[in-house]
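Chemist: Okay, here's the prediction I keep looking at, along with the sequence it came from:
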Amino acid sequence: MTVRWERAMVVEVSTSKIGKHGHAKCHFVGIDVFNGKKYDDIVASSHNCDIPHVTRTNYQLIDISEDGFVSLLTESDEAKDDMRLPTNDVVLTQPLTFFREVSFLYLNIESINSIKN
């Protein structure tokens with residue numbers, strides 16, 4: 001669900017009693033699915049919540065270029081070359097070093113409402 005307008009996995013929910021204005025409150029604690037940051041929000045129990053659409057796709061890693069672009073192979077054996085690793089040097093060098101040692105690697109790409117990470 002979205003917690004404070006961020007896509008998060010809910011890890012804790014608590015409810016309060018009905019107050020004098022007639023609405024019980026729900027306290028949601030969630031962890032962002034991409035960066036692990038913790039969010040919390042309090043919402044009236046009668047209100048709707050937004051649920052993002054999560055898609056997981058498996059790819060076989062073919063190559064990593066020096067500028068961080070990856071060549072992937074889909075499950076239907078089609079090449080995909082439009083994905084790029086994050087620009088952080090540590091994040092870029094670790095998969096590159098590991099891939100050169102192993103030379104066979106599968107990636108799971110999560111997409112939430114067309115935001116890929």
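Modeler: Cool, got the structure.

Chemist: residue at max distance from the center of this protein?
Modeler: Within the chain, the residue lying farthest from the chain centre (C-alpha atoms, centre = their mean) is Lys20, at 38.9 Å.

Chemist: so where do the helices sit in this protein?
Modeler: 89-102 (DSSP state H).

Chemist: quick one: low-confidence ranges for it?
Modeler: 86-96, 103, 113-117 (pLDDT under 70).

Chemist: Now do the strands in it.
Modeler: Using DSSP state E, the strands assigned to the chain run over residues 2-3, 6-15, 25-32, 38-44, 54-64, 69-73, 79-84, 105-112, 115-116.

Chemist: tell me the most buried of those?
Modeler: Per-stretch averages of neighbours, counted by mean count of other C-beta atoms under 10 Å, single out strand 2-3 among these, with a mean of 19. The way it works is simple: take the backbone N, C-alpha and C, and place the C-beta from them, glycine included.

Chemist: Which secondary structure elements does that one sit against?
Modeler: For strand 2-3, the elements it packs on are strand 25-32, strand 38-44, judged by 3 or more C-beta pairs under 8 Å, 6 or more residues apart in numbering; DSSP states H and E.

Chemist: any chance of the ones you listed in CSV, with distance to Thr55 too?
Modeler: Formatted as CSV, the helices and strands packed on strand 2-3 follow (distance: least, C-beta to C-beta, whole Å):
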stretch, distance to Thr55
strand 25-32, 17
strand 38-44, 22
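
Chemist: out of those strands, nearest to Ile112?
Modeler: strand 25-32 (10.2 Å; C-beta to C-beta).

Chemist: The closest one to strand 6-15, inter-axis angle?
Modeler: Put simply, strand 25-32 runs at 140 degrees to strand 6-15, going by axes from the mean of the first three to the mean of the last three C-alpha atoms, to 10 degrees.

Chemist: quick one: strand 25-32 to strand 38-44, angle?
Modeler: Here the directions of strand 25-32 and strand 38-44 differ by 160 degrees (the same axes, to 10 degrees).

Chemist: what bridges to Ala79?
Modeler: With DSSP bridges as the criterion, Ala79 is bridged to Leu73.

Chemist: Let me know the distance separating it from Thr97.
Modeler: Noted for Ala79: a distance of 23 Å to Thr97, by C-beta to C-beta, to the nearest Å.
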